[in-house]
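# Provide a 3D model corresponding to the input given below.
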Amino acid sequence: MMATITINITSAFPLLPLHGQRYYALSSTVMKAVVSPSSSASVTHMQRRQFLNSAAATSTLAVILTTPLLPAHAAITPTPVAARAQFDAAVAITDRLLKDWDTVTKGGGDAIRKELGTVGTGSPFYQINKAIRVLQNDADDPVAFGDASEQFEIRLAGADAMAYSAIFTGGSGKPTPPAVYFEKSKVEVEALRQVEAEMIQAL
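Below is the predicted model:
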């Protein structure tokens with residue numbers, strides 16, 4: 001009588017880098033093999049490895065074609081300690097940005113956006129939403145922290161939008177000078193700093 005062996009395989013297939021990031025296609029695949037009782041009782045470690053390699057190889061194409069691409073960092077959740085360190089570093093960036101505003105704005109709208117983490121990946125504001133979600137779970141007052149974090153996202157997006165608008169000023173007629181958008185962006189950053197203080201108080 002023949003026996004059926006069922007093996008669950010979770011695979012992560014590295015794909016070509018896109019925009020400087022590594023991507024993986026993830027899949028959980030169920031593979032089955034039919035073997036005789038004698039062979040199933042004496043399957044060696046090497047035979048099992050060969051079976052898994054063969055199964056993974058035959059399912060790779062299906063995985064790539066049917067699974068959404070995920071950034072390599074997509075599943076990474078910071079620890080509470082790392083999340084707090086990132087948030088504190090972002091607050092320090094906010095303070096420095098307001099202190100050196102005139103100097104930063106000499107670099108244009110993208111210089112502000114770089115500090116806010118929307119251009120490049122060097123700022124602690126980059127993917128700050130992950131850290132905020134972790135901090136909310138550990139906050140002394142998670143409700144107050146959650147309410148403040150919503151305003152945090154709004155103010156951060158507003159500051160970025162105004163800085164972005166400063167890049168595209170010009171055209172015919174009487175164009176709005178970049179300084180106007182810089183000032184509006186600064187107002188949003190100042191509001192952002194107030195919200196950060198509320199978040200710290202709730203932790």
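# any idea how far the residue lying closest to Arg84 once chain neighbours are set aside lies from Phe168?
Beyond its immediate neighbours in the sequence, the residue positioned closest to Arg84 (Cβ to Cβ, 6 or more residues apart in numbering) is Leu135, lying 6.4 Å away. To be clear about C-beta, it is placed using only N, CA and C from the backbone, and glycine gets the same treatment. Leu135 is 35 Å from Phe168, where distance means Cβ to Cβ, to the nearest Å.
# Please compare the two by neighbour count and tell me which comes out ahead.
Neighbours per residue (other Cβ atoms under 10 Å) separate Leu135 from Phe168, with Leu135 holding more: 23 against 12.
# Look at that one and report its pLDDT.
At Leu135, the model reports a pLDDT of 97.
# roughly how far apart are it and Lys114?
Distance from Leu135 to Lys114, by Cβ to Cβ: 24 Å.
# now do Val187
19 Å.
# who's more crowded, those two?
Lys114 (20 against 13).
# neighbours around Ala139, how many?
Ala139, neighbours per other Cβ under 10 Å, totals 19.
# Phi, psi for it please.
Dihedral angles of Ala139 (phi, psi; degrees, to the nearest 10) stand at phi -70, psi 150.
# That one against Leu203, yeah?
Yes. Using Cβ atoms under 8 Å, Ala139 is in contact with Leu203, at 5.2 Å.
# Need the residues touching each of the two.
Phe145 (Cβ atoms under 8 Å, 6 or more residues apart in numbering).
# So the protein: which segments form each domain?
3-71, 80-202 (automatic domain parsing).
# mean pLDDT lowest for which of these?
Across the domains of the chain, the lowest-scoring stretch is domain 3-71, with a mean of 42.
# Got the phi and psi for Leu116?
phi -80, psi 0.
# Who are the contact partners of it?
97, 123, 125, 156, 159-160, 163, 189.
# now, among those residues, which is nearest to Val180?
Comparing these against Val180 with Cβ to Cβ places Ala163 closest, at 11.9 Å.
# In which helix or strand does the closest one reside?
helix 142-167 (DSSP states H and E).
# And for Lys114?
Going by DSSP H and E, Lys114 is in helix 109-115.
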